[in-house]
Structures are given as structure tokens and as C-alpha cells.
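Trainee: just coords:
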């Protein structure tokens with residue numbers, strides 16, 4: 001065992017006293033500056049001063065609830081940027097927000113430029129959170145940080161009502177929340193749960209936020225409206241859209257009620273028609289759940305009416321249509337270049353993917369890769385109203401590829417390719433074929449890559465291979 005020398009013991013005492021002095025000095029400096037919650041940093045000439053780059057929200061609770069405290073800090077750093085740490089604000093305790101953290105802002109076009117770290121808590125809110133430009137909302141994880149829409153009068157919901165149509169709105173084109181030009185950027189929401197308490201509310205609406213805006217790692221429960229609504233702004237003076245936002249990743253959406261939907265990607269017509277082209281949905285669980293049990297929704301889980309959109313790794317249950325493409329008549333031109341990859345349906349889905357026959361010429365270039373439906377066998381894996389086929393679970397529970405191309409004009413049908421043997425397709429081999437092809441659809445083609453004259457191309461007609469060339 002080493003013995004502490006008297007010299008080392010004295011040095012240790014000096015260090016402790018010095019650190020204590022620095023701590024006291026830091027507190028004194030920040031108290032005198034009126035900037036509580038700021039980190040103490042060394043400034044010019046080793047002068048200790050407060051830094052607004054990272055702010056603890058706890059000392060600001062004297063201004064009201066957690067949202068009032070956040071608003072006070074946001075006003076003090078507007079336009080300069082800061083990380084506001086509210087993780088220490090009454091963690092584990094239900095708390096209220098009479099108004100959103102942005103209920104007062106300096107004015108339209110003022111960039112908030114803040115990242116807010118929310119605590120592990122259920123935060124009841126009476127108003128929508130309209131999130132301004134370049135603002136990030138980060139929770140402690142789904143099920144840990146819960147933003148709940150008020151429904152009944154309680155200690156956390158004094159008025160007992162939620163005044164709005166969506167719990168979180170990404171940007172706005174008017175008022176104090178406006179982004180100056182009507183187009184917003186860099187609005188991000190992640191790692192929390194949204195609970196609408198079965199009210200007719202949307203989880204997240206985006207009609208204005210574009211580049212670097214997204215929603216990730218978010219659960220939405222008891223949604224009575226639409227979980228995620230991606231659209232264009234109806235204000236002709238601003239022309240904001242959700243185009244180029246996303247992708248929207250890792251969303252677990254549970255909706256309640258027969259009028260609800262998990263996701264809607266919408267084009268808007270009218271006097272200033274606009275299209276929405278977000279960057280896709282990746283990793284989405286979409287289920288209709290009422291009173292803790294599965295329910296049946298007569299509508300669609302994901303409504304896709306925007307163009308150039310990708311959907312990947314999707315599970316759906318409890319809907320008539322899992323994914324509905326083009327079910328709304330559209331005045332903005334064709335809905336094209338849609339890509340659906342790895343979509344799976346539960347037992348309570350009638351049509352897993354439904355391609356509608358809307359206004360002529362609207363739909364084309366739809367690619368579906370890896371569609372899997374579940375029993376009962378009466379369920380449909382892919383229903384195509386344009387070409388007429390219905391790929392049923394009984395013989396097409398798994399469809400590796402289904403590609404709907406473009407119309408050849410004159411109402412003579414669409415180009416199509418699929419790996420399903422139920423529909424006409426094209427096989428390739430190095431031998432000749434003959435005899436019965438009754439297990440295949442009429443019109444199926446076969447190419448013999450080793451054939452010569454008279455044995456290169458065959459077609460299946462009336463259950464028998466016909467030599468075409």
C-alpha cells in the first residue's frame with residue numbers, strides 16, 4: 001500500500017479548493033448575467049461566461065409549465081441556435097402544456113434554430129405543436145416520451161379539450177410560425193410517441209416542410225384521423241409542399257375508427273394545383289386497433305396519390321385496402337414511378353395492394369417487389385383495376401414482381417410483367433417446349449435461347465404451346 005505524501009495531499013486540497021472556486025464563480029457569473037441554465041465556459045482572457053449553445057431548461061420552470069419554460073428559452077436564443085435540454089424537467093411525472101413551446105415567437109420568418117431534448121414523461125397538450133424552421137424535437141424513445149392530446153378535464157388538461165386537427169405540424173406559411181417564404185426546411189421529429197386518445201386528429205401533418213425535414217422512430221397510437229399526412233399547401237401565395245422531405249423511417253402507427261388512415265400522400269388541385277413528392281416510407285407498421293383489439297377499417301391503410309414515391313418494408317393489418325394507389329380522381333396529371341418493396345399483410349386485409357382505375361391516363365409505371373398476403377385464402381395480394389387481374393392469396397400468396405407499365409394507347413391495355421404464373425408472362429429457357437401449358441395463362445410467352453428457325457418463340461393458347469417463330 002502506497003502512503004500519500006504530505007506534498008501530494010496538499011496539492012489535492014489546492015485542486016479541490018480551486019475547482020470549488022471555479023464552480024462558485026461560474027454560478028455567480030451566470031446569476032449576474034440573468035442566463036440561468038447556461039453552461040459555464042472560458043471566454044477571452046480566461047473570463048468565465050455563459051454559453052447559450054447548450055441550455056438546461058430546469059431553472060426556467062418558474063415561468064410556467066414545461067412548454068412555457070421552453071418558449072422563454074426559445075425567445076432568448078431566436079435566430080442564434082441552441083440545444084435545449086429538458087430531459088431533467090420532472091422526468092417520469094405526467095405534466096401539462098397549456099400552449100405549445102412556440103406559442104409566442106418574434107415574428108414571421110424568424111428561424112428558431114433549436115434542438116429540444118424532451119424528458120421521459122407523458123406531456124399532455126391542449127394545442128398543436130406547430131414546429132418552425134430548422135427545429136428538431138427529440139424524445140427519449142417511443143413509449144418513453146409521450147405527447148398526448150388532451151381529451152378530458154384533468155390536472156394536466158385544465159380545459160379538457162384539444163384545439164386543432166393535428167398534434168404536430170411541420171412548419172407553416174403564415175403567422176409567427178411562418179418560414180418567411182412559405183417553404184420550410186430542416187424540421188425534424190424523432191424518438192417519441194404521439195397519443196391522440198382516439199380523437200379525430202392527425203399525428204403529423206406536413207404541407208410546408210421540404211429538404212432535411214422528416215419523422216423517424218415515432219409511434220402513433222389511438223389516431224382517429226391520419227397518422228402521417230403529406231400534402232401540399234392550399235395557400236396559393238406560398239406554394240409550399242412536402243416534396244423532397246423525408247424519408248419517413250421506423251413508424252409504428254395504430255389507428256382507431258373506421259375513418260382513419262395510417263399515411264396519406266396527397267396531391268392538391270384547385271386554383272393552384274400542386275404535387276407532393278416526398279422521399280418515401282421505410283419501415284412502417286400500420287394497423288387498425290380499437291380498444292386493444294384488431295378492427296376492420298373499410299378504407300385504406302396507406303393512400304398513395306402522390307408521384308415518384310417509394311414504400312419499403314411495410315406491414316399492414318385491419319384494412320379493406322392495405323395500400324391504395326390512385327383511388328382519388330386526380331387533376332394534376334399522371335401518378336407515376338411508384339415503387340413498393342417488401343410489403344406484408346395480416347389476416348385482416350382484403351386487398352394488400354390495390355391499383356385503382358381512376359381518371360384515364362393517370363396511373364403508370366408502378367413496380368411492386370415482394371408482396372406477401374396472409375390467410376384467409378379469399379384475401380387478394382395484388383388487385384389491378386387497370387388491367388383487370390386479381391392475384392389471390394389462394395394461388396399467389398407471394399408475388400416476387402409485378403410491374404405495371406404504360407398504356408399503348410387507344411384503350412388497348414397496359415404493358416405488364418410479373419413473376420406470377422397466374423397471369424401471362426415471359427419464360428426463357430434453352431430447350432423447345434410442346435404439348436400442354438394448361439397451368440399457365442393464355443398469352444404466356446416462351447423464348448428458346450438455343451433455338452433456330454421455327455423453334456425460337458412460343459405462346460400458350462387454349463392450354464397448348466403454339467410455335468410462333
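Mentor: Yes, it's here. These numbers were taken from a predicted model, which means no experiment stands behind them.
Trainee: all contacts plus neighbour counts: C-alpha atoms, from now on.
Mentor: Fine.
Trainee: Strands of the stretch 301-450 of the chain, start to end?
Mentor: 310-317, 319-325, 335-345, 349-355, 363-372, 380-384, 390-392, 398-407, 414-418, 426-429, 445-448 (DSSP state E, counting those that start in this stretch).
Trainee: With the stretch 1-150 of the chain instead?
Mentor: 38-42, 48-56, 82-85, 95-97, 114-117, 121-125, 129-131, 136-138, 145-149.
Trainee: winner for burial among those strands?
Mentor: strand 145-149 (a mean of 25; mean count of other C-alpha atoms under 10 Å).
Trainee: Just checking: what are the partner strands of that one?
Mentor: Paired neighbours of strand 145-149 in the sheet (DSSP bridges): strand 121-125 (parallel), strand 188-195 (parallel).
Trainee: what residues does that strand touch?
Mentor: 118-127, 139, 162, 167, 191-197 (C-alpha atoms under 8 Å, 6 or more residues apart in numbering).
Trainee: What residues sit buried inside stretch 52-72?
Mentor: By neighbour count with 16 or more other C-alpha atoms under 10 Å, stretch 52-72 contains the buried residues 52, 54-58, 60-61, 65-72.
Trainee: biggest separation within those, which pair?
Mentor: Longest distance between any two of the buried residues of stretch 52-72 is 21.1 Å, between 52 and 65; criterion C-alpha to C-alpha.
Trainee: that older thread, among the buried residues of stretch 52-72, name the ones in helices.
Mentor: Within the buried residues of stretch 52-72, residues falling in helices by DSSP state H are 66-72.
Trainee: Kindly present those as CSV, with separate columns for pLDDT and distance to residue 418.
Mentor: Shown next, in CSV, are these (pLDDT from 0 to 100; distance: C-alpha to C-alpha, whole Å):
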residue, pLDDT, distance to residue 418
66, 95, 55
67, 94, 54
68, 93, 57
69, 93, 58
70, 93, 54
71, 90, 55
72, 90, 59
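Trainee: can you tell me the helix or strand for residue 167?
Mentor: Assigned by DSSP states H and E, residue 167 falls within strand 166-170.
Trainee: In the sheet, which strands lie alongside that strand, parallel or antiparallel?
Mentor: Strand 166-170 has these strand partners (DSSP bridges): strand 129-131 (parallel), strand 202-206 (parallel).
Trainee: Check the model's average confidence along stretch 244-263 for me.
Mentor: When pLDDT is averaged over stretch 244-263, the result is 92.
Trainee: I meant to write stretch 204-214 there.
Mentor: 94.
Trainee: Spatially, which residue comes closest to residue 375, not counting chain neighbours?
Mentor: residue 347 (5.5 Å; C-alpha to C-alpha, 6 or more residues apart in numbering).
Trainee: I'd like to know how far that neighbour sits from residue 318.
Mentor: Distance of residue 347 to residue 318, given as C-alpha to C-alpha, to the nearest Å: 8 Å.
Trainee: ok, the two, which is more surrounded?
Mentor: residue 318 (26 against 15; other C-alpha atoms under 10 Å).
Trainee: Quick one: residues contacting that one.
Mentor: Residue 318 sits in contact with 287-289, 294-297, 346-349, where contact means C-alpha under 8 Å, 6+ apart.
Trainee: rerun at 10 Å
Mentor: 255, 258, 286-289, 294-301, 345-350 (C-alpha atoms under 10 Å, 6 or more residues apart in numbering).
Trainee: Now intersect the residues you listed with the helices, please.
Mentor: Per DSSP H, the subset of the contacts of residue 318 in helices is empty.
Trainee: Show me which of the residues you listed are buried.
Mentor: Members of those classed as buried by 16+ other C-alpha under 10 Å are 255, 258, 286-289, 295-301, 345-346, 348-350.
Trainee: For stretch 387-400, buried residues please.
Mentor: 387, 390-394, 396-400.
Trainee: these two touch, right, residue 468 and residue 448?
Mentor: No. Residue 468 is beyond contact range of residue 448, at 11.4 Å (criterion: C-alpha atoms under 10 Å).
Trainee: Now do the shared contacts for the two.
Mentor: Going by C-alpha under 10 Å, 6+ apart, residues that sit against residue 468 and also against residue 448 are 455-458.
Trainee: Quick one: those residues as a markdown table, columns for neighbour count, secondary structure and distance to residue 104 too.
Mentor: Formatted as a markdown table, those follow (neighbours: other C-alpha atoms under 10 Å; DSSP: H, G, I helix; E, B strand; the rest coil; distance: C-alpha to C-alpha, whole Å):
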| residue | neighbour count | secondary structure | distance to residue 104 |
| --- | --- | --- | --- |
| 455 | 17 | coil | 78 |
| 456 | 19 | coil | 75 |
| 457 | 20 | strand | 72 |
| 458 | 24 | strand | 73 |
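Trainee: and which of those is nearest residue 355?
Mentor: Using C-alpha to C-alpha, the shared contacts of residue 468 and residue 448 come closest to residue 355 at residue 458, 30.2 Å.
Trainee: Could you list the low-pLDDT ranges of the stretch 51-200 of the chain?
Mentor: 78-79, 105-112, 174-178, 180-182 (pLDDT under 70).
Trainee: give the contact list for residue 395.
Mentor: 377, 380-381, 420-422.
Trainee: For the residue sitting nearest the centre point of the chain, grab phi and psi.
Mentor: Residue closest to the mean C-alpha point of the chain, counted by C-alpha atoms, centre = their mean, is residue 248 at 3.7 Å. Main-chain dihedrals, residue 248, degrees, to the nearest 10: phi -100, psi 110.
Trainee: do residue 230 as well
Mentor: When quoted as degrees, to the nearest 10, the phi and psi of residue 230 stand at phi -110, psi 120.
Trainee: That one and residue 241 touch, don't they?
Mentor: Yes. With contact defined as C-alpha under 10 Å, residue 230 reaches residue 241; the gap is 8.2 Å.
Trainee: residues shared between the contacts of those two?
Mentor: 206-209, 267, 276-278.
Trainee: Counting neighbours, which of those residues comes out on top?
Mentor: Highest neighbour count within the shared contacts of residue 230 and residue 241: residue 209, with 36 neighbours (other C-alpha under 10 Å).
Trainee: ok, now which ones touch residue 422?
Mentor: 389-392, 395-396, 439-442, 444 are the contacts of residue 422 under C-alpha under 10 Å, 6+ apart.
Trainee: returning to what we had before: residue 36: which of the strands paired with strand 145-149 is closest?
Mentor: strand 121-125 (23.0 Å).
Trainee: Any idea what the nearest residue to residue 384 once chain neighbours are set aside is bridged to?
Mentor: With sequence-adjacent residues excluded and distances taken as C-alpha to C-alpha, 6+ apart, residue 384 is closest to residue 355, at 4.8 Å. With DSSP bridges as the criterion, residue 355 is bridged to residue 325, residue 384.
Trainee: returning to that earlier point: let me have the strands paired with strand 145-149 in JSON lines, adding distance to residue 143 as columns.
Mentor: Shown next, in JSON lines, are the strands paired with strand 145-149 (distance: least, C-alpha to C-alpha, whole Å):
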{"stretch": "strand 121-125", "distance to residue 143": "9"}
{"stretch": "strand 188-195", "distance to residue 143": "6"}
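Trainee: Residue 83: which of these is closest?
Mentor: strand 188-195 (13.8 Å).
Trainee: and residue 468 and residue 448? which has more neighbours close in?
Mentor: Remark: of residue 468 and residue 448, residue 448 carries more neighbours, 17 against 12, as counted by other C-alpha under 10 Å.
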